[in-house]
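Chemist: Sequence first, then the predicted structure:
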Amino acid sequence: MLMLIPLFLFLHGAIIRVSDHTHQNLNMCGNMGLGIAMLSLSALGCIVSAGSPWAGTDVVEKAKAIVNKMTVDEKMSMIYGRNAKSDIESPLYYVGNVPETARLGLPPLSLEDGPQGVADNLLNVTQWPSQLTVSQAWSTDLMAQWGTAMGREQKKKGTNIMLGPDVNLARVPWSGRVFETMGEDPFLASTLVSPLVRGIQAANISACVKHYIFNNHECNRQTVSSNVGERTGRELYLPAFEAAVDAGVGSVMCAFNRVNSTYACENSRALNTLLKEDGGFRGWVVTDWGAQHDSIQSALSGLDQEMEWDANANFTSYNTIGFANPEFKEAVTNGTVPMSRLDNMVTRMIEPMLALNLVADPPNPSVANTSSLAMTTKHLDLAAEIAGQSLVMLKNEKSILPIRSGASVATFGNPWWRFGKGSGGVQSPYVPGAINKAVPCKLPDCNPATAYLPQILVNAGHTVTVGSDGAQDGDGDKTFNVTRAAAEAAAADYCVVIVYCVTGEGMDRPNISLDAWQDLMVQTVVAANKNTIVVARVSGAFAMPWLDSVPAVLYQLMPGTAAGHAAGEVIVGDRNPSGKLTITFPTSMNTTWLGSPVVNPVQYNCSAFAEVEYTEELEVGYRYYAAHPDAPPPLYPFGHGVGFSKFVYGGLKASSTEVTLTVQNTGLVSGVEIAQLYLGFPVASGEPPKVLAGFSRALVAKGATETLQIPLTDRSLSTWSVTANAWVKVTGDFAVYVGASSADIRLTGKFTVG
C-alpha cells in the first residue's frame, strides 16, 4: 500500500554530535528548512521547496523599486560578465566581472573561483582541503566554520560571488572533479551543503551552487547529454541543489552539458519550472563560462546572466548571439524577448544582492585587494583541524600506528601534490622544502600547521631520513631508484610512503591506477621494511595492488596546506582518526555500476559518446553493491574508516519516527564514531536494499557509553512516484541497518509503517 504525503516535504533527519558534545539537530523539516525537489525529467517536472528565504520581505519591494529606475542599458550591463583576461574592458581582476550601476548604488559583481577557496592563481590565501575531503568528517559544524572562513577570504580579495559549492553527485569515482563534490550520497550532500552555504554568505557575499545539473564527469562536458530518468534525477541528483536553495543561496550556475538532449542553460523545464517556479528560487542563474548557446532561447528558458568564454569577443565561443551582442538588445527592443523578462533577470540579481548585504557592504575590487593577505593564522589552524578530522584511516593492521616513540623513519614519495587543478585549485601560501626547512608563508610567523611531514615527525622526537622518490631521482616523477630505496627502507624502523594522483577541471582519469613508478615505490619499500605506512593524496578512488602487504593506509584525498601536519598527527598518535569515506572505492573500473560504454564513456572512447545513459538508475555507489551481493565487493565501502578506539554498538530501538542506539568505547583512547543508519524499504518500492537515512557523530570517552538518536521523517520513508507526480510514503516492513559503514553493519532491526 502507498500513502500520498503532502507536497511540502523534507529530507531525512539526523542528529550530529560534534566533538564538544553538543548536539546539532539536522531535522531538515524544521531547523535547516531544507526542502525536497520534485522532479519529472522525461519532461522535467516540479519541485516543491521552501525556496529562497527572503521571499515576502521588504527586499522584494526594494529590488522592484530599483529596477523601475533602471535604463535598458543599465539592465543590459548587469546580465553579462567578462573574465579577467578580456582585452575589451579594463581593469578586470576576477574570473567574472560585472560593472557597477553607480547611479543607483549597485556595486560591481566580482565572481571568483572556487568551491574550496580563492582560486585562479590569486596568492596569499589559505589552501584548504577540497570539498570532498571536508565531507569525510561528516560534520555540519566543520562545514559551517569552513564556509565562514572561505567567505571572509573571498571578501578580503574584493570578490562578492564565490563560485561554489559544487554539489554534483559523485557518480563517477574517477571523475576529474570528484574532489570538488560532496560524495555519492544525496542525503549526506544535502545535509552538509546547507551550513556551508550559510557560512560562506555570512561574509556578505553570495555563494553560487553548481553545476546545475547532471554534470557528473568532464568527458565531453560541453556537448554530452546526460540522459536521466525522472525518479533517478529526483531521488539522487536534485536534493543537494534544493538544500542550497532553501539555505538561501544567491545564485545557481547552470552546467555545460545537455539535460535529456536540451542544454542545461536553455532548458526551460529545468530552470523555469523545476528551479524557479516550483522550487521557489528567487536568485539568479548564471552560465558556466561559455555554456550559453542561444541567448534568446536561454533568456526565455530562465537564464539570467552570461559569463564569457572567449576573452577577445563580446559573445561566447559557443554562442551565435551573446547577451552583450547588439542583436540581443534588439530582441528585447522588438519584443522577441519581453522587457518583463529582462526586468525579471535583473530583479533576480538585485534581490539577493540586497538580502545578502552585497549592496550594504560592497567589496572593493582592485589589484591591491587581489594581492592582499587574506589568510590568517586562525584560518591556517582551521585548515589543519579540517585536514585532521577529514583524514580516513583505511587500514591499521596489528595496530602499527601510532609508531613507537623515538623510532627512526624513512619517508618516500612526493609531498608537493595535495590539491586539485582548474577552478578548484588553490595556490599554497608556502612551498614545502627539505627536512627542517620550508619557505615561510607570508604571515609574521609561519603557522606550525603548514609544516612538512618529515618536520612533524622530527618535532615528535623521531630521526627522519628523506628517502628516494621520482623527483629526486631526476626524471620528473617518472622513474624510481629501486636499489637506493630498498637500502634506505631497510635501515629505518618505519617507512612512510606518500602516493598521489591529481586531477582537475576538463579532464577525467583514464583509470584508477597510480603511476607505475609509485606502485613500484610502495612495493619496493614494503618488501624491504614490513613496517610501512602509505599516505595517499589521491583525487578520488584508486587501486592498491600492494594493499595486502602494507599494514597501514591513510587516505588524505586533497588535504591542502596542512597535509603534512594532519598525516603526522595520526602517525605519531597525537590525533585519533575519525574520518569516513564519502565515495566507494571499487576494486577496478570494471566492477562498478558503470560497466558499459553508454554508461561510462570515460573508461572507453570519450570523444565517441554524445549521450550518457544513467541506466544504473538508483544504484550508484554503495547502493549498487547492496543490490548486487554476488558482484565483486568494493575495495573499501562507503562510510568506511577506522581509528585507534574500538566501538561496540548495542541497544537498538527502531520506529518509524526515530532510531536509537548505544555506542560504547572499549578502546584505550577517546574517539569519535560516526554511526550510520541505512533503511531497507519494502521490496515493492523499487529502492536499493540500503539507503542512507541518517547518521550520528559522537565523541565517546574511553570506557564510556553514549546513547544516540536519529530521527526519521515522512520523507525518510518516501519514494518519488512518477505516476502520482509526488513523493509517496511507503507502507510495509522496513529493515533497519546501523553500522560503522555501509558494509560493516553492527545492528539490525525493523519497523512497520501501517
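Modeler: Looks like it came in fine. Numbers count the residues shown, from 1 in each chain.
Chemist: Can you report how many residues neighbour Ser340?
Modeler: Ser340 has 9 neighbouring residues, counting by other Cβ atoms under 10 Å. Every residue, glycine included, has its C-beta placed from N, CA and C.
Chemist: ok but it is inside a strand, no?
Modeler: No: going by DSSP: H, G, I helix; E, B strand; the rest coil, the assignment for Ser340 is helix, not a strand.
Chemist: quick one: low-confidence ranges for this structure?
Modeler: Residue ranges of the chain with pLDDT under 70: 1-50, 85-91, 310-321, 415-418, 428-451, 469-479, 596-609.
Chemist: What segments of the stretch 251-400 of the chain are helices?
Modeler: Taking DSSP state H, counting those that start in this stretch to define them, one finds helices in the stretch 251-400 of the chain at 268, 295-301, 326-333, 339-355, 367-370, 377-390.
Chemist: for the ones you listed, which one ends up most surrounded?
Modeler: Of the helices of the stretch 251-400 of the chain, the one with the most neighbours on average (mean count of other Cβ atoms under 10 Å) is helix 377-390, at a mean of 23.
Chemist: That one - contacts with which helices or strands?
Modeler: Judged by 3 or more Cβ pairs under 8 Å, 6 or more residues apart in numbering; DSSP states H and E, helix 377-390 is in contact with helix 131-135, helix 140-156, helix 563-572.
Chemist: Present the helices of the stretch 251-400 of the chain as TSV; the columns should include distance to Ala244.
Modeler: Shown next, in TSV, are the helices of the stretch 251-400 of the chain (distance: least, Cβ to Cβ, whole Å):
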stretch	distance to Ala244
helix 268	21
helix 295-301	21
helix 326-333	29
helix 339-355	13
helix 367-370	27
helix 377-390	20
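Chemist: if we compare those helices, which one ends up closest to Ser175?
Modeler: Proximity to Ser175 (Cβ to Cβ) singles out helix 377-390 among the helices of the stretch 251-400 of the chain, at 19.2 Å.
Chemist: His379 and Gly564: what is the separation?
Modeler: Remark: distance between His379 and Gly564 (Cβ to Cβ, to the nearest Å) = 17 Å.
Chemist: Nearest to Cys254, out of the helices of the stretch 251-400 of the chain?
Modeler: helix 295-301 (8.6 Å).
Chemist: Alpha carbons of the closest one, as PDB, please.
Modeler: Presented in PDB, the C-alpha positions along helix 295-301 are these (Å, rounded to 0.1, in the frame of the first residue of the first chain):
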ATOM      1  CA  SER A 295      20.900  33.900 -26.000                       C
ATOM      2  CA  ILE A 296      17.300  34.400 -27.000                       C
ATOM      3  CA  GLN A 297      16.400  30.800 -26.200                       C
ATOM      4  CA  SER A 298      18.300  30.800 -23.000                       C
ATOM      5  CA  ALA A 299      16.800  34.100 -21.800                       C
ATOM      6  CA  LEU A 300      13.300  32.800 -22.400                       C
ATOM      7  CA  SER A 301      14.200  29.500 -20.700                       C
END
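Chemist: elements contacting it?
Modeler: So helix 295-301, by 3+ Cβ pairs under 8 Å, 6+ apart, packs with helix 326-333, helix 339-355.
Chemist: Among these, which comes closest to Ser194?
Modeler: helix 339-355 (16.4 Å).
Chemist: Would you point out which residue is most central in this protein?
Modeler: Thr181 (2.5 Å; Cα atoms, centre = their mean).
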